[in-house]
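Chemist: starting from these lines, generate the structure:
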Amino acid sequence: MSAAARRPPKVLLVDDGERYVELAHALLRDYTYATRCELPGPCWTCARRPGCTLTHAHDWGETEQALARHRDIDVVLLDMHFELPEERLVRTGSDDATAAEPTLARRRALQGLAILARIRALRPALPVILMTSTEELRLRGADAAADEYVTLAGADGFDARALGLLVERVLARATVPAFGSDYEFGQSPAMARLRRDALTLARTSLPVLITGEPGTGKSALAEQVLHAVSGRSGPFVTVDVSALPEGLVGAELFGSARGAFSGAVDRAGRFEAAQGGTLLLDEVGNLSLEVQRMLLMVLQERRVTRLGEHHARPVDVKVLAATNVDLREAVRQGRFRADLYARLNPAAGLTVPPLRERREDLPALIARTVYETFAQGPDAALLTSYLRAAGLPPGLRARARLAGEKGLGAERDEPKQALDFAFSESALAALERHGFPGNVRELRLLVANACLLSLSDALTAADAGRASAGEARTVPIPERLVDELIAKSWLPPARGAVRGSGGVADASAGERDEHDGWPPVTPRDQPRDVARDLERHLYERLYAETDGDFEAMAAQLLRGDARENARRVQLRFNQLGLRVRS
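Modeler: Purely as a prediction, here's the structure:
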């Protein structure tokens, strides 16, 4: 092991007072500390320690000095409230450009977030433990959940042993091995949280419950992230419970002995097949109560008994369970065992958000879909045929080019090494307006179909000699084609249905559907998040109805002069993450 690998982790403390530095120096002496002092340390053995202020950073200026001086900092412990003079405070970004200047008290209360933003500008992936709690942030109207590398200390910040364990967990998470790039997380805050939690849970032996609407990518997350990062040498095995006859589910999962039932033979089940690896139970909510009982025993005892046998076989399997139904409601209705639900560890479960809640990820998902569509198989042969017919160099990779952006995908290929599938501004706008009830699965099918049909048309033109070499390097994706595919891509919800966390409910739950102008309502942690979703939908609808006329939108939304209010409406439109189309 190298000296660098053996060195103790280095911690930077950022606090306007002495509370955390005294706690750390007294009880957390297994780490080194990033000080502003020339002496080697440690501080607790230094004769000059009493009254010394070089032990840690007290504001952003000192934090910046420490970051420049110590390039090997492993983790930052950052206080939230800084009782400093105004001239030593840095500004906190505001979600609302029209909001009044924050008071001095609020700037002090949120100074930790302002320093965090400055740290991110210099060291984007440096782990930071923010010495506050989710509840405190919510009370102050703030949120740090979008930052994948931030951990909230909560009550652990006041207990030395708990704080030490928290630091160890953060350091362990920072050394999670890289996994294959097949899973596209994108850039949205919701997916940043999912990535952070998934990488942590993957390395444990705990079962993981994965919830989310159909098509969000639960199975892909299980295989490409949770199994890939787990470090397990065994196989990844999946079983779709909903695709099996009810009477055969037990035998499929646990195995059978000859004569256990009519036609039974000696065979291992999926648990044994996944020995040393990972087993995904897809649509676990469809299990019968009897199979649920058997599954509970396996999870508790880590042993499996084949149907018709009396001796149990030990199994070492990481169990993942995926479902698109509300298991808590199923427990209340008696359709799912409460003890099995608890054993599936829902408190540490993962929820994959629907695509409509992560629209900022559309460019990355489109780019990956374009690349993967033509990477191999029969569609790769279609690409090869087109390159040959158009007189282009063989081996060009497919790449998405979105309006207003450079080419995306093709593993950062140079322009001469890629064939661009160009999505016009109007085609991209059509995709962004669509609700995607089928989520990522629907998007991938839609984008793949658009690219394949467009390439087929381009191949016909190339065979007829109607495309120059320069034109042939770009395959345009027409807005008309995108609109047609969207219209046919997914069945709308039944009239009178309303979508919630458990899918489609009865009309008795509400007499509105998408044709009434109401969006699907997804339960959120805070009422303001639900309100923001509804506000975004309202702005999207008005923007479409007025052809992007912000003055006309202002006339419907605000009292007063519509011309003067148009700028306020446009600012709010941008803050909601919506894009202006020319």
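
Chemist: all the strands of the stretch 151-300 of the chain, residue numbers only.
Modeler: Applying DSSP state E, counting those that start in this stretch to the stretch 151-300 of the chain gives strands spanning 208-211, 236-240, 278-282.

Chemist: a markdown table for those strands, including mean neighbour count?
Modeler: Any C-beta I mention is one placed from the backbone N, CA and C, and that applies to glycine too. What follows is those, written out as a markdown table (neighbours: other CB atoms under 10 Å):
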| stretch | mean neighbour count |
| --- | --- |
| strand 208-211 | 24 |
| strand 236-240 | 18 |
| strand 278-282 | 25 |
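
Chemist: now render these as TSV, adding distance to residue 487 and mean pLDDT.
Modeler: Shown next, in TSV, are the strands of the stretch 151-300 of the chain (distance: least, CB to CB, whole Å; pLDDT from 0 to 100):
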stretch	distance to residue 487	mean pLDDT
strand 208-211	30	94
strand 236-240	30	93
strand 278-282	30	94
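
Chemist: where does the protein have its least confident helix or strand?
Modeler: In the chain, no helix or strand scores lower on mean pLDDT, DSSP states H and E than strand 503-505, which sits at a mean of 33.

Chemist: returning to what we had before: closest to residue 538 out of the strands of the stretch 151-300 of the chain?
Modeler: Evaluated over those, closeness to residue 538 peaks at strand 208-211, with 28.0 Å, by CB to CB.

Chemist: identify the residues contacting the residue nearest to the spatial centre of the chain.
Modeler: For the chain, the residue nearest the mean C-alpha position is residue 191 (1.4 Å; CA atoms, centre = their mean). Residue 191 sits next to 185, 353, 358, 361 when contact means CB atoms under 8 Å, 6 or more residues apart in numbering.

Chemist: against residue 579, how distant is it?
Modeler: Look at residue 191 and residue 579: by CB to CB, to the nearest Å, they are 19 Å apart.

Chemist: same question, residue 214
Modeler: According to CB to CB, residue 214 stands 27 Å off from residue 579.

Chemist: residues of the helix or strand that contains residue 113 that come out buried?
Modeler: Element membership for residue 113, per DSSP states H and E: helix 111-122. Residues of helix 111-122 classed as buried by neighbour count (16 or more other CB atoms under 10 Å): 111, 112, 113, 114, 115, 116, 117, 118, 119.

Chemist: now do the fifth one, the pLDDT please.
Modeler: On the pLDDT scale, residue 115 is placed at 91.

Chemist: ditto for the second one
Modeler: With respect to pLDDT, residue 112 has a value of 87.

Chemist: picking that back up, output the helix holding residue 113 as PDB, restricted to C-alpha atoms.
Modeler: The C-alpha trace of helix 111-122 is given here as PDB (Å, rounded to 0.1, in the frame of the first residue of the first chain):
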ATOM      1  CA  GLN A 111     -24.100  31.700   4.900                       C
ATOM      2  CA  GLY A 112     -23.100  28.000   4.900                       C
ATOM      3  CA  LEU A 113     -25.000  27.600   1.600                       C
ATOM      4  CA  ALA A 114     -23.300  30.600   0.100                       C
ATOM      5  CA  ILE A 115     -19.900  29.200   1.100                       C
ATOM      6  CA  LEU A 116     -20.900  25.800  -0.300                       C
ATOM      7  CA  ALA A 117     -21.700  27.400  -3.700                       C
ATOM      8  CA  ARG A 118     -18.200  29.000  -3.700                       C
ATOM      9  CA  ILE A 119     -16.600  25.700  -2.800                       C
ATOM     10  CA  ARG A 120     -18.500  24.000  -5.700                       C
ATOM     11  CA  ALA A 121     -17.100  26.500  -8.100                       C
ATOM     12  CA  LEU A 122     -13.500  25.500  -7.200                       C
END
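
Chemist: which helices and strands sit right next to the next helix or strand after that helix?
Modeler: Moving toward the C-terminus from helix 111-122, the next helix or strand (DSSP H and E) is strand 128-130. If contacts are counted by 3 or more CB pairs under 8 Å, 6 or more residues apart in numbering; DSSP states H and E, strand 128-130 sits against strand 75-78, helix 111-122, strand 150-152, helix 160-174.

Chemist: mind running it again at 10 Å?
Modeler: strand 10-14, strand 75-78, helix 111-122, strand 150-152, helix 160-174 (3 or more CB pairs under 10 Å, 6 or more residues apart in numbering; DSSP states H and E).

Chemist: ranking the ones you listed by mean pLDDT, which is last?
Modeler: Of all the helices and strands packed on strand 128-130, mean pLDDT reaches its minimum on strand 150-152 (a mean of 67).

Chemist: flag the shaky bits of the stretch 201-350 of the chain, pLDDT-wise.
Modeler: Across the stretch 201-350 of the chain, nothing is flagged by pLDDT under 70.

Chemist: ranges for the helices of it?
Modeler: Counting by DSSP state H, counting those that start in this stretch, the stretch 201-350 of the chain has helices at residues 218-221, 228-229, 249-254, 270-273, 289-301, 327-332, 338-343.

Chemist: quick one on the thing from earlier: distance of the residue nearest to the centre of the chain from residue 110?
Modeler: As judged by CB to CB, residue 191 and residue 110 stand 25 Å apart.

Chemist: likewise residue 373?
Modeler: For residue 373, the distance to residue 110 (CB to CB) stands at 45 Å.

Chemist: ok so, going back, report all helices and strands that the helix or strand following the least confident helix or strand of the chain contacts.
Modeler: The helix or strand immediately downstream of strand 503-505 is helix 527-545, counting by DSSP H and E. In terms of contacts (3+ CB pairs under 10 Å, 6+ apart), helix 527-545 is packed against helix 425-433, helix 550-557, helix 562-575.

Chemist: how far does helix 527-545 sit from its chain's centre?
Modeler: Centroid separation between helix 527-545 and its chain, computed with CA atoms, centre = their mean, to the nearest Å, is 22 Å.

Chemist: i'd like the first residue to be 242 from this point on
Modeler: Shifting the count to begin at 242 puts that one at helix 768-786.

Chemist: got the contact list for residue 527?
Modeler: 481, 482, 483, 484, 485, 487, 490, 564, 566, 576, 577 (CB atoms under 10 Å, 6 or more residues apart in numbering).

Chemist: in ChimeraX, select just the buried ones from those.
Modeler: Entered in ChimeraX, the line below selects the buried ones among those, by 16+ other CB under 10 Å:
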select :482,485,490,564,566,576,577
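
Chemist: tell me the one of the contacts of residue 527 nearest residue 687?
Modeler: Taking CB to CB as the measure, residue 687 lies nearest residue 481 of those, at 23.5 Å.

Chemist: and the strands of the stretch 392-541 of the chain as CSV, adding distance to residue 793?
Modeler: Shown next, in CSV, are those (distance: least, CB to CB, whole Å):
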stretch, distance to residue 793
strand 449-452, 41
strand 477-481, 49
strand 519-523, 48
